[in-house]
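Enquirer: Test case, fold it:
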Amino acid sequence: MTNREAILTLNLLPGIGPVRITRLLESFGRAEAVLTAGANRLQRVDGIGPETAKLIAGWEDHADPFKELQEAKERGIAIVTQDDDSYPKHLLQAYDAPILLYVWGEILPRDKHAISVVGSRRTTSYGVNATKKLTYQLAHAGFTIVSGLARGIDTAAHEAALAAKGRTIAVIGSGLGKLYPPENLLLAEKIANGQGAVISEFPLHRSPDKQTFPMRNRIVAAWCQAVLVTECPAWSGSLITANLASEYGKPIFAVPGQIDKPSSAGCHQLIRDGATLVADASHIIDDMGELPFSGRMDAGPEKASELPELPTEELAVYSAMGEGDEMPVDRLIQVTGLPSSAVTAALLKLELRRLIRPLPGFRFIKR
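Expert: Next comes the predicted model:
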């Protein structure tokens, strides 16, 4: 058995969890050594009692890693451990970082530039519209959108990221073979087929329960550079995600709502506690500092001044603007030959990317 197969085996065993697995690996060095140790030796590790030691020592009665690997391969699912280059290193900041991840789709280096968008499962039209507007802008600006594939706000966030032709990561609270909620299977397929990945730390056939969702939330909190809460009541699990992210040192953004609506009470509490009030994606982009350009997410700071890959109309408008020259909108329409509506839309998107800035009199200049 390889070390990778041994790690998978430990993750398949019920009731152990990433904290105790990490302690075992620190004590024994390699996962194979954990599986071959006797129960008495296992009990010397902090947190490993007689029942857990017996479970690990008799792992063959409880786990079949080879069957799990075969099914994952058949489903097109990769299994990524902490030793793999594709494992998101920012997840390691969590003291209970996932031992491994099941990945349906692809994780790219650019996905470290991420905003987590969370909120209530029971939404209002206001919350859905605010989520779609802000998420679309953030995804189009180059941020990967991370959410939990749940009903409500999560679904709106993933859909808006896809509509913006951006990237999105769905972290689910069940195994990928028991995708929940089942009505989001088509959405999950769209994400996995080229615009992101659906992620789980749970064995393929683990059903969702009250324990798996909080575990999912810590990944959503650790993955991102910041959390945006768009709508949630005072008792929402989204507040747990936001608080976890705050403990990790991530900025928290919240969308205000009507003061008499319980559906926004959680966001209002976050704002009172110090979260930044958000009404437009530019509020987040300005606070985040350097903007990750679409198509150039892996370019270091030394390449920040280079021209990012842009859609055709945005590139035409940007190229028509001279260095340091103030350009009126009517001149850009004349130079590019594009319809006024296309030029106006391109200018808005370039402004969101922080490539240009507006000046009085409908004039624009490169940053």
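Enquirer: What's the local residue count around the residue nearest to residue 236 when sequence neighbours are not counted?
Expert: Closest residue to residue 236 apart from its sequence neighbours, by Cβ to Cβ, 6 or more residues apart in numbering: residue 266 at 4.8 Å. Where you see a C-beta, it was placed from the backbone N, CA and C, and this is true even at glycine. Residue 266: 24 surrounding residues under other Cβ atoms under 10 Å.
Enquirer: For residue 266, give its distance to residue 228.
Expert: For residue 266, the distance to residue 228 equals 13 Å [Cβ to Cβ, to the nearest Å].
Enquirer: go on, residue 352?
Expert: Taking Cβ to Cβ, one finds residue 352 at 15 Å from residue 228.
Enquirer: These two: who's more crowded?
Expert: residue 228 (31 against 20).
Enquirer: Just the buried positions in the helix or strand where that one lies, please.
Expert: Secondary-structure assignment from DSSP states H and E places residue 228 in strand 226-231. The neighbour-count check on strand 226-231 (16 or more other Cβ atoms under 10 Å) flags 226, 227, 228, 229, 230, 231 as buried.
Enquirer: can you pull up the bridge partners for the first one?
Expert: Okay, so that is residue 226. Per DSSP bridges, the residues bridged to residue 226 are residue 115.
Enquirer: Begin at 37, not 1, for the rest of this chat.
Expert: Right, with 37 as the first residue, what we last looked at is residue 262.
Enquirer: For residue 138, what are phi and psi?
Expert: Note on residue 138: backbone dihedrals following degrees, to the nearest 10 are phi -90, psi 130.
Enquirer: Counting neighbours, what do you get for residue 322?
Expert: By other Cβ under 10 Å, 11 other residues sit near residue 322.
Enquirer: and the next element down the chain from the host helix or strand of it?
Expert: Here residue 322 sits within helix 317-324, counting by DSSP H and E. For helix 317-324, the succeeding helix or strand toward the C-terminus, using DSSP H and E, is helix 348-356.
Enquirer: which SS state does the most centrally placed residue in the chain fall under?
Expert: In the chain, the centroid-proximal residue (Cα atoms, centre = their mean) is residue 182; its distance is 2.3 Å. Under DSSP: H, G, I helix; E, B strand; the rest coil, residue 182 falls in the strand class.
Enquirer: ditto for residue 393
Expert: Classification of residue 393 using three-state DSSP returns strand.
Enquirer: From residue 386, how far out is the nearest residue to it once chain neighbours are set aside?
Expert: Nearest non-adjacent residue to residue 393, counting by Cβ to Cβ, 6+ apart: residue 403, 5.6 Å away. As for residue 403, its distance to residue 386 is 9 Å (criterion: Cβ to Cβ).
Enquirer: now do residue 58
Expert: Here residue 58 is placed at a distance of 45 Å from residue 386 (Cβ to Cβ).
Enquirer: same question, residue 292
Expert: For residue 292 relative to residue 386 (Cβ to Cβ), the value is 28 Å.
Enquirer: These two - which one has more neighbours?
Expert: residue 386 (22 against 15).
Enquirer: show me what contacts that one?
Expert: 346, 350, 353, 354, 392, 400 (Cβ atoms under 8 Å, 6 or more residues apart in numbering).
Enquirer: What is the neighbour count of the closest residue in space to residue 179 that isn't next to it in sequence?
Expert: Using Cβ to Cβ, 6+ apart and skipping the chain neighbours, the partner closest in space to residue 179 is residue 151 (4.8 Å). A total of 29 residues lie near residue 151 under the criterion other Cβ under 10 Å.
Enquirer: still on that earlier bit, list residues touching both of residue 403 and residue 386?
Expert: residue 392.
Enquirer: looking at it, residue 401 is touching residue 393, isn't it?
Expert: Yes: between residue 401 and residue 393 there is a contact under Cβ atoms under 8 Å: 6.2 Å.
Enquirer: Pick out whichever of those two has more residues nearby.
Expert: residue 401 (15 against 11).
Enquirer: And the more buried one, its phi and psi?
Expert: phi -140, psi 150.
Enquirer: partners of residue 400 in the sheet?
Expert: In beta-bridge terms (that is, DSSP bridges), residue 400 pairs with residue 363, residue 394.
Enquirer: Let me see the contact set for the nearest residue to residue 177 once chain neighbours are set aside.
Expert: Sequence neighbours aside, residue 388 is the residue nearest to residue 177 in space, at 5.1 Å (criterion: Cβ to Cβ, 6+ apart). Residue 388 makes contacts with 173, 176, 177, 317, 318, 321, as judged by Cβ under 8 Å, 6+ apart.
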